[in-house]
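S.K.: just to be clear, the model below is a prediction. Sequence and coordinates:
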Amino acid sequence: MSTSLILQTDARGVASLTLNRAEKHNAFDDTMIADLLQVLDNIQNDNSIRVLVLRAAGKSFSAGADLDWMRRMADYDQEQNLADARKLASLMYRLDRLNKPVIALVQGASFGGGVGLIACCDIAIASVNVIFSLSEVRLGLIPSVISPYVITAIGLRAARRYFLSGERFDAARALQLGLVHEVVEPEALDASLEQCIDALLNSGPNAQAAAKELIRHVHGRAIDESLIEETARRIAEVRASDEAREGLSAFLEKRKPDWSGEQD
């Protein structure tokens, strides 16, 4: 892994992944994308990690794609451009599908692909002074590979405005749109993050992974016999799991479950 990322994990199993190109406002290029893909694969397969926090060094969360990288891509042929775009699409997909909770901690500015990263996270906490923009059209581009996640987050109607205008909007508007869940003063970011982490660590890790999959499966589907049967099957399988038995026993015995890391 290059210096474009910093990964730290604490004793609770909370991993902090920091975008570390502050001098470029954490704009990502092909190297950072490759690093992120490798780190996400490692986290996916590491059962000791319970929560991932995606954050950024410096003044900005992410300016999206690096301009020098985009200039290089302009000289690529069609096949090279497609291969390059597939890597960014894969990054967004893997972040969205990570089998554990992901929190985005956002400060400064987030443009283009940076908004895509936020939309792929399960929870987003933003500083009150953050500025957002889906700015691709201002460069003659489109927010293509991030579109499934951003549209899911902010809705079709808002996407039609901000995808087409590229205009900037503030944290209050991002909260209203559903892009972020919480907006706080800059000095309160860490406290809000810890409160969120505490809540996540009190939940069963396998149940969280199953809940993320459930959301993807149910969203947008008609409530018909097939879906009703599928949801019944899923809860029946989970009820029989060791984690569910431990959770129920801990509740009835008025103690902390073994996944919480806390002792009575």
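M.R.: That came through fine.
S.K.: neighbours of Asp41, just the number please.
M.R.: By other Cβ atoms under 10 Å, 12 other residues sit near Asp41. C-beta coordinates here come from the backbone N, C-alpha and C atoms, glycine included.
S.K.: then Cys121?
M.R.: Counted with other Cβ under 10 Å, residues neighbouring Cys121 total 24.
S.K.: ok, now Tyr76?
M.R.: Residues lying near Tyr76 (other Cβ under 10 Å) number 13.
S.K.: where does the stretch 51-200 of the chain dip in pLDDT?
M.R.: Scanning the stretch 51-200 of the chain for pLDDT under 70 picks out no residues.
S.K.: at 80 instead, please
M.R.: The model of the stretch 51-200 of the chain has pLDDT under 80 over residues 73-74.
S.K.: quick one, helices of it?
M.R.: For the stretch 51-200 of the chain, the helices defined by DSSP state H, counting those that start in this stretch occupy 67-74, 78-96, 113-120, 147-154, 156-165, 171-177, 189-201.
S.K.: the inter-axis angle of the longest one versus helix 67-74?
M.R.: Going back to what we said before, that points to helix 78-96. In terms of direction (axes from the mean of the first three to the mean of the last three Cα atoms, to 10 degrees), helix 78-96 departs from helix 67-74 by 130 degrees.
S.K.: so which of the helices of the stretch 51-200 of the chain gets nearest Arg12?
M.R.: With Cβ to Cβ as the criterion, Arg12 lies closest to helix 189-201 of those, at 6.2 Å.
S.K.: domain-wise, how is this protein divided?
M.R.: Using automatic domain parsing, the domain parsing of the chain gives 5-200, 204-252.
S.K.: among those, which is nearest Trp259?
M.R.: Trp259 lies closest to domain 204-252 among these, at 5.7 Å (Cβ to Cβ).
S.K.: what mean pLDDT does the closest one have?
M.R.: In this model, domain 204-252 carries a mean pLDDT of 93.
S.K.: starting at the chain centroid, how far to that domain?
M.R.: Averaging C-alpha positions (Cα atoms, centre = their mean, to the nearest Å) puts domain 204-252 21 Å from its chain's average.
S.K.: start and end of that domain, how far apart?
M.R.: This stretch, domain 204-252, spans 16 Å end to end (Cα to Cα, to the nearest Å).
S.K.: which of the domains of the chain sits most buried?
M.R.: Of all the domains of the chain, domain 5-200 has the most neighbours on average by mean count of other Cβ atoms under 10 Å, namely a mean of 18.
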